[in-house]
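*Asks:* curious how this folds, go ahead:
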Amino acid sequence: MKILILDTYYPAFLDDFYHRYPTISDEKYEDQLQALLNQQFGTADFYSKNLRLLGHEAKDIIYNAESLQNKWAQEHNIHFKYNITEIIPILYRYLQKRWPERILLDQIKNYQPDILYIQNVSVLSSGFLYRIKPSLKMLVGQIASPFDSKIDLSVYDLLISAAPNFVQHFRQRGYASERLKIGFESTILSQLKKNRITWNTIFIGGFTGPHLKTTRLLEKVAVEVPIDFWGYDAYNLDHDSPIRQRFHGPVWGVEMYSVLHNSKIAINRHVDEAENYAGNMRIYEVTGTGTLLITDMKDNLGELFKIGEEIETYSSPEELIAKIKFYSHNESARQKIAHAGQQRTLKDHNYYQRMKELIQILKRYTP
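*Replies:* Predicted coordinates for the structure are as follows:
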């Protein structure tokens, strides 16, 4: 199979990356792309790399990396034309907004994939997708986080999700949908080192929007036990929030994995849209780096890990506080579960295994 993977990165991460490396935008497209992928943000090249190991052709496009995409257009002699549209500002702004789709259209023509695998279904217009669909054997969308219900999903041949309730919802609406769990890329471990400074209990994530409810839980816990925080949207926290007292700012990619690797305990929580199902990225990132995971209790957690042996759970702020205190003072017990959790993730939840599962799914739906 020939698969083109379309991804988007958090704008805050992209801004940080290009601020840190101000000359990177002058580099060739392939060099710039590889530099971004090497940051290990999100799923990075975890899909494409393992698909290639399995004998398939696969490439990545970071759709909202403007400098990167413009470099591709420049190298392929594609230019945004101004002409008469400059005189009509509204039309000009509309065409300028569609410029990224124009670049992507040429990338698809250039690569000629069998499958376009879109990691963010919110980013492309349905009109554009209907336009390119005849050139593809399959158009696949992946969704496992809150999305706009107004998005036209009928254009997709298949919807993939890590969330069982999402799969059920899509099928009820008449869409073909399959579950593919998230995973951990074990090659990241070779980039991590133990630092002189280690953290006891940490949390990494967002604090507003869909995370607001669980932010209140974290604030309650942080009053009772010391927790170090990293993440985004902390500026919206109350002025006297205990999270602010030990907040270290945003952390991405390899640096995020390093924080996890150098921590004893990491707290996880799911957004409300997950309902009573577990499966976000953090449970694999934490266990994969060898840190004790304490996550919110969900019905399907036992399918992923042995509770009390490979991970720990909580169902209330009080239970979370009690378990943080217990494992903070019982290092051998903490190490035992953390090690078992890491071994389980490296064995069963790696991206090589996930891509084997994905290929089996795609084969069932490919014409």
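
*Asks:* got the contact list for the closest residue to F247 other than its chain neighbours?
*Replies:* Nearest residue to F247, sequence neighbours excluded (Cβ to Cβ, 6 or more residues apart in numbering): F229, at 4.7 Å. C-betas here are computed from N, CA, C, even on glycine. Contacts for F229 (Cβ atoms under 8 Å, 6 or more residues apart in numbering) come out as I202, F203, I204, L218, A222, I243, R246, F247, H248.

*Asks:* in three-state terms, label F229 for me.
*Replies:* Look at F229: counting by DSSP: H, G, I helix; E, B strand; the rest coil, its state is strand.

*Asks:* please name the nearest non-neighbouring residue to A340.
*Replies:* Using Cβ to Cβ, 6+ apart and skipping the chain neighbours, the partner closest in space to A340 is E310 (4.6 Å).

*Asks:* what bridges to W199?
*Replies:* On the basis of DSSP bridges, W199 is bridged to S263.

*Asks:* for it, give its distance to S328.
*Replies:* Distance, W199 to S328, using Cβ to Cβ, to the nearest Å: 11 Å.

*Asks:* the residue nearest the centre of the chain: what's it in contact with?
*Replies:* For the chain, the residue nearest the mean C-alpha position is G42 (3.8 Å; Cα atoms, centre = their mean). Neighbouring residues of G42 by Cβ under 8 Å, 6+ apart: D7, Y9, M281.

*Asks:* burial of the residue nearest to A340, as a residue count?
*Replies:* 22 (other Cβ atoms under 10 Å).

*Asks:* so it sits against I337, correct?
*Replies:* Yes - counting by Cβ atoms under 8 Å, E310 touches I337, with 6.4 Å between them.

*Asks:* still on that earlier bit, can I have the buried ones of the contacts of F229 as a ChimeraX selection?
*Replies:* Burial among the contacts of F229 is assessed by 16 or more other Cβ atoms under 10 Å; the matching ChimeraX selection reads:
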select :202,203,204,218,222,243,246,247
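
*Asks:* and of the contacts of F229, the nearest to I132?
*Replies:* I204 (36.1 Å; Cβ to Cβ).

*Asks:* okay, the closest one and N350: tell me how far apart.
*Replies:* 21 Å.

*Asks:* burial of I103, as a residue count?
*Replies:* Around I103 there are 22 residues (other Cβ under 10 Å).

*Asks:* let me know the pLDDT of L136.
*Replies:* pLDDT, L136: 97.

*Asks:* kindly report the same for Q96.
*Replies:* Q96 is given a pLDDT of 51.

*Asks:* cool, and the one 3 residues further on?
*Replies:* Confidence at W99, expressed as pLDDT, is 85.

*Asks:* please report how far it lies from L105.
*Replies:* Distance of W99 to L105, given as Cβ to Cβ: 11 Å.

*Asks:* tell me the domain ranges of this protein?
*Replies:* For the chain, automatic domain parsing gives the domain ranges 2-183+351-365, 186-348.
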